[in-house]
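S.K.: when you get a sec, could you give me coordinates for this:
(2 chains)
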Amino acid sequence: DAGVIQSPRHEVTEMGQEVTLRCKPISGHNSLFWYRQTMMRGLELLIYFNNNVPIDDSGMPEDRFSAKMPNASFSTLKIQPSEPRDSAVYFCASSTGTSGSYWETQYFGPGTRLLVL
Amino acid sequence: DQQVKQNSPSLSVQEGRISILNCDYTNSMFDYFLWYKKYPAEGPTFLISISSIKDKNEDGRFTVFLNKSAKHLSLHIVPSQPGDSAVYFCATPSMNYGGSQGNLIFGKGTKLSVKP
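M.R.: Residues are numbered from 1 along each chain as shown, chains lettered A, B, ... in the order given. As a prediction, the model looks like this:
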């Protein structure tokens, strides 16, 4: 399998612009996670989908952030308007999320490195 | 407040020697722990895990030890190789989902450098 695919790999934008990050999970996986990595806070969860339904979005910083999963093979994370403090590496991860299992291996994409000037 | 702590941001080890990476956690209810390895410009990849019913799990050169009373775990790499140079993250599943699949809570990572 191709693994988790993220695009773009790098994004440089100006403050106030809209940014859309994309993720294609591994085929057959029904749990999808968006994480953000910063120097100050490390790797932290933004939002978690199961069977395309958002389960936990408590990590989304504020209303400027939104995420969608219109189908099992695609998810987007949108920042509008973007701010310099949003500069970070954004990772998408997926897992099989078998019902009843406590934990299964999460597979991470390569990440999108975002720089907001 | 950090629930999973890796207090050493970096570690440098000579090739062939043992690398020991440490991790502390705050919640005694955590019962499953994982180590992920991350190379630059790549996503984290799963390395090894341990359940709280064990105090040791071994996979080749990698061994994880769990001390529940101290709320401490460590990853041992023996012998260390230059290709092991990476950032290592300790993680545990979130307790927020009633025992069902959820997100991982990560430490901030330790950058390991193995010198030839």
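S.K.: skipping its backbone neighbours, what lies nearest the residue nearest in space to the middle of chain A in space?
M.R.: Closest to where the C-alpha atoms of chain A average out (C-alpha atoms, centre = their mean) is residue A:34, at 2.7 Å. With sequence-adjacent residues excluded and distances taken as C-beta to C-beta, 6 or more residues apart in numbering or on different chains, residue A:34 is closest to residue A:46, at 4.3 Å. In short, each C-beta sits where N, CA and C put it, glycine included.
S.K.: bridged to residue A:114, which residues?
M.R.: Taking DSSP bridges as the rule, residue A:114 bridges to residue A:11, residue A:88.
S.K.: hang on, it packs against residue A:11?
M.R.: Yes - the pair residue A:114 / residue A:11 is scored as a contact, 4.9 Å apart, by C-beta atoms under 8 Å.
S.K.: quickly list what's touching both of the two.
M.R.: Listed contacts common to residue A:114 and residue A:11 are A:19, A:21; contacts here mean C-beta atoms under 8 Å, 6 or more residues apart in numbering or on different chains.
S.K.: who does the lowest-mean-pLDDT helix or strand in chain B pair up with?
M.R.: Lowest by mean pLDDT, DSSP states H and E among the helices and strands of chain B is strand B:104-106, with a mean of 91. Taking DSSP bridges as the criterion, strand B:104-106 forms sheet pairs with strand B:86-93 (antiparallel).
S.K.: for the partner strand, C-alpha coordinates in CSV please.
M.R.: Output in CSV follows, covering the C-alpha atoms of strand B:86-93 (Å, rounded to 0.1, in the frame of the first residue of the first chain):
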residue,chain,number,x,y,z
ALA,B,86,16.4,10.0,14.8
VAL,B,87,13.9,11.6,17.2
TYR,B,88,12.2,9.1,19.5
PHE,B,89,8.7,9.8,20.9
CYS,B,90,7.1,8.1,23.8
ALA,B,91,3.3,7.9,23.5
THR,B,92,0.2,6.5,25.2
PRO,B,93,-3.4,6.2,24.0
